[in-house]
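In: need a structure here:
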Amino acid sequence: MNQAKYQIIINESKCIAAASCVGVAMKTFKINDRNVVEVIDEKGNDSAQILLAAQSCPTQAIILVEQKSSSQIWPMT
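Out: Numbers count the residues shown, from 1 in each chain. Predicted structure coming up:
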């Protein structure tokens with residue numbers, strides 16, 4: 001079974017439910033009943049789509065950490 005490329009962390013306090021991430025990677029993200037994005041499947045979309053979805057977030061509420069290196073990929077530090 002394929003391992004997810006990224007660990008996806010949601011900073012709920014930054015999320016404004018703009019839903020751009022859902023539009024880009026709807027198999028990975030959804031807006032929950034608290035009006036905050038949540039991860040439904042870290043492998044739902046390919047890694048390029050997941051990165052693009054995180055980059056589309058206007059508040060940078062989605063943090064991506066590469067599984068192999070444990071390096072934060074997005075937002076850039």
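In: any weak-confidence spans in the chain?
Out: 1-2 (pLDDT under 70).
In: Tell me where it has helices.
Out: 20-24, 47-56 (DSSP state H).
In: helices and strands around the shortest one, which ones?
Out: Yep, that's helix 20-24 we're talking about. Where contact means 3 or more Cβ pairs under 8 Å, 6 or more residues apart in numbering; DSSP states H and E, helix 20-24 is packed against strand 29-31, helix 47-56. All C-beta atoms are positioned from the backbone trio N, CA, C, and that covers glycine.
In: hang on, isn't residue 36 packed against residue 16?
Out: No. Assessed by Cβ atoms under 8 Å, residue 36 is found out of contact with residue 16, at 9.1 Å.
In: between these two, which one's more packed in?
Out: Each of residue 36 and residue 16 has its neighbours counted (other Cβ atoms under 10 Å); residue 36 has more, 17 against 12.
In: What's the separation between the more buried one and residue 43?
Out: Taking Cβ to Cβ, to the nearest Å as the measure, residue 36 and residue 43 are separated by 21 Å.
In: and residue 64, what does it touch?
Out: Neighbour list for residue 64: 6, 7, 8, 9, 50, 51, 54, 72, 73, 74 [criterion: Cβ atoms under 8 Å, 6 or more residues apart in numbering].
In: Report the contact partners of the fourth one.
Out: This points to residue 9. 62, 63, 64, 65.
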